[in-house]
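Colleague: Just a sequence and a predicted model for now, questions to come.
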Amino acid sequence: LNGLPKLSELEQAHSDKLSRALQNKITQSGGKIPFSDFMNACLYAPGLGYYSAGAAKFGQSGDFVTAPEISDLFGQCLAEYYAQFKKINFNHEALSIIELGAGTGKLAGDILTHLSKINTLPERYYILEISGELKQRQKIYLEKILPDYIQNIIWLDNLDKISEFNGNGLILANEVLDALPVELFKLKRKKNNQGIEIYQQWIINNPSLPQKFEEISLLADKEFEENLKSNLQTNLEINLEDLLQALNTETPEYQSEINLNLESWLSGIDRLITKGQMLFIDYGFGAREYYHPSRHMGTLMCHFKHRAHGDFLANIGLQDITAHVNFTQVAMAAKNLELTIDNYTTQAEFLLSQNLGPLAEVKLALSGLSHNPTAQQISIANQIQVLTAPHEMGELFKVLILQKGDLDSMPSGRPHFHRL
Ligand SMILES: C[S@@+](CC[C@H](N)C(=O)[O-])C[C@H]1O[C@@H](n2cnc3c(N)ncnc32)[C@H](O)[C@@H]1O
């Protein structure tokens with residue numbers, strides 16, 4: 001019906017199970033839930049949500065590919081960053097890595113393999129992963145490829161203080177911010193043209209529809225309206241009137257999304273360390289680009305078997321739902337938490353600043369020893385292209401580096417602060 005691949009019987013049964021749980025949740029909540037609760041359940045409902053259950057998710061057989069799944073060069077560059085950062089700031093002290101949302105464990109594996117080669121393995125590598133299924137997958141994968149280091153990899157169950165940890169940490173999060181639940185809102189002109197109406201999107205049950213759920217728009221209550229206004233107007237200096245500029249009779253409303261929980265989430269992450277940095281790598285842009293009048297459909301997207309589409313009510317629990325990251329909002333939240341913004345750059349510039357060129361040369365030289373060097377070399381060239389080309393991940397993906405404590409900064413790509 002919607003042009004998406006048909007579900008197998010097993011997939012349908014799994015999706016139906018989560019749908020029933022969601023229907024109950026909606027009924028128990030008085031008939032409607034905010035979009036953020038719906039997104040949270042679709043992605044993280046224990047044992048049933050997209051990330052918490054068994055779907056392949058990553059790679060060719062899954063729904064999307066992330067940078068570490070494309071090339072080990074990505075993890076090697078992050079390892080180089082760790083090694084340099086440690087040398088400059090923690091030469092005689094332990095510096096642990098804390099990875100948020102580690103996916104299949106591929107990034108952890110690539111970073112640690114490279115750090116082992118250059119004799120800079122951290123004492124501990126912590127992983128904070130919300131999905132039980134992915135935690136298991138990470139354990140199996142990392143045990144296999146790093147049997148001698150596995151006892152130094154520790155999975156954190158929550159954001160509580162980490163025991164036996166000196167507080168020095170390099171926090172890494174690749175494509176985690178885009179997976180955090182957001183609220184959907186709409187702006188419309190009042191009928192008399194005097195001012196703007198703010199709507200919040202909710203999800204209700206509708207058993208007569210094939211997808212069983214329906215999205216509805218309700219005039220925002222005072223709390224949501226004030227929360228949205230203080231975020232958009234006060235914090236991000238976005239004039240709501242400006243957003244309506246490009247609207248016309250065909251597109252009479254401006255729709256977008258916002259993570260109203262971001263600062264509280266970041267403060268939990270911040271409390272994990274006493275000194276160090278946080279690297280957030282993700283697709284997104286600054287607030288002016290995010291909330292641009294022409295972006296009146298927002299950035300929410302679903303990924304199912306390598307098709308990107310906007311139908312978040314389809315394939316409940318079987319597809320990824322994500323929104324681009326508003327890096328200005330992350331930077332503002334960081335400032336409120338008294339973190340320093342060390343850099344905001346593009347993925348391409350970050351990787352090139354971390355020896356992507358020389359690392360690729362080594363990889364190319366090693367490929368000469370394989371049984372099919374030409375195919376290997378073409379594959380390496382492709383990997384570099386996808387990671388760095390402006391129309392691939394190079395420019396849409398950004399790296400935001402936040403700093404806690406008085407530390408020496410190091411080169412990490414040309415800063416783009418003016419775009420924050
Ligand atoms: C899009 S995947 C990216 C995975 C991996 N970093 C990569 O680049 O391949 C998002 C990851 O973040 C995890 N995640 C989402 N929200 C989280 C949270 N609040 N705390 C920890 N992990 C989270 C998901 O379970 C998943 O592992």
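Modeller: Perfect, thanks for sending it.
Colleague: any idea how far whichever helix in the chain runs longest is from the chain center?
Modeller: The helix that spans the most residues within the chain, counting by DSSP state H, is helix 9-28. Distance of helix 9-28 from the chain centroid (Cα atoms, centre = their mean, to the nearest Å) equals 25 Å.
Colleague: and the residue lying closest to residue 239 once chain neighbours are set aside, helix, strand or coil?
Modeller: Excluding the flanking residues, the one nearest residue 239 by Cβ to Cβ, 6 or more residues apart in numbering is residue 233, at 7.0 Å. C-beta here means a position set from N, CA and C on the backbone, and glycine is covered the same way. Per DSSP: H, G, I helix; E, B strand; the rest coil, the secondary structure class of residue 233 is helix.
Colleague: show me where the stretch 301-420 of the chain has strands.
Modeller: Ranges of strands in the stretch 301-420 of the chain, per DSSP state E, counting those that start in this stretch, are 301-304, 307-309, 320-322, 325-326, 340-346, 397-404.
Colleague: by contact count, what packs against the fourth one?
Modeller: Looking back up the chat, that one is strand 325-326. strand 275-285 (3 or more Cβ pairs under 8 Å, 6 or more residues apart in numbering; DSSP states H and E).
Colleague: what's the angle between the strand it packs on and strand 340-346?
Modeller: Inter-element angle recorded for strand 275-285 and strand 340-346: 40 degrees (by axes from the mean of the first three to the mean of the last three Cα atoms, to 10 degrees).
Colleague: what about strand 275-285 and the ligand, touching?
Modeller: No - residues of strand 275-285 contacting the ligand under Cβ under 6 Å from any ligand atom: none, with a closest distance of 8.0 Å.
Colleague: Can you list the strands that that strand pairs with?
Modeller: When pairing is defined by DSSP bridges, strand 275-285 lines up against strand 168-174 (parallel), strand 325-326 (parallel), strand 397-404 (antiparallel).
Colleague: can you tell me the average pLDDT over that strand?
Modeller: Summarised as a single mean, pLDDT over strand 275-285 is 98.
Colleague: Need the CA coordinates for that strand. CSV is fine.
Modeller: The C-alpha atoms that make up strand 275-285 are tabulated as CSV, following Å, rounded to 0.1, in the frame of the first residue of the first chain:
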residue,chain,number,x,y,z
LYS,A,275,37.1,15.7,33.7
GLY,A,276,37.3,15.0,30.0
GLN,A,277,35.4,15.4,26.7
MET,A,278,32.3,14.3,25.0
LEU,A,279,32.2,13.7,21.2
PHE,A,280,28.8,13.7,19.6
ILE,A,281,28.8,12.6,16.0
ASP,A,282,25.5,12.8,14.1
TYR,A,283,23.6,14.1,11.2
GLY,A,284,22.1,17.5,11.8
PHE,A,285,22.7,21.2,11.8
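Colleague: next SSE after it?
Modeller: helix 287-290 (DSSP states H and E).
Colleague: hmm, back to that, which stretch among the strands paired with strand 275-285 is buried most, on average?
Modeller: Most buried of those by mean neighbour count (mean count of other Cβ atoms under 10 Å) is strand 325-326; its value is a mean of 26.
Colleague: do it and the ligand meet?
Modeller: No - for strand 325-326, no contact with the ligand is found by Cβ under 6 Å from any ligand atom; the gap never falls below 11.6 Å.
Colleague: mind checking how far that strand is from the chain centre?
Modeller: Worked out by Cα atoms, centre = their mean, strand 325-326 lies 9 Å from the chain centre.
Colleague: Residues contacting it, please?
Modeller: Outside strand 325-326, the residues that touch it by Cβ atoms under 8 Å, 6 or more residues apart in numbering are 177-178, 236, 258-259, 280, 282-287, 290-291, 398.
Colleague: Check the residue in the stretch 1-150 of the chain positioned nearest to the ligand and give its pLDDT.
Modeller: Relative to the ligand, the nearest point of the stretch 1-150 of the chain is residue 101 (2.2 Å; Cβ to the nearest ligand atom). Per-residue pLDDT puts residue 101 at 97.
Colleague: how near is the residue nearest to it when sequence neighbours are not counted to the ligand?
Modeller: Closest residue to residue 101 apart from its sequence neighbours, by Cβ to Cβ, 6+ apart: residue 176 at 3.7 Å. As for residue 176, its distance to the ligand is 4 Å (criterion: Cβ to the nearest ligand atom, to the nearest Å).
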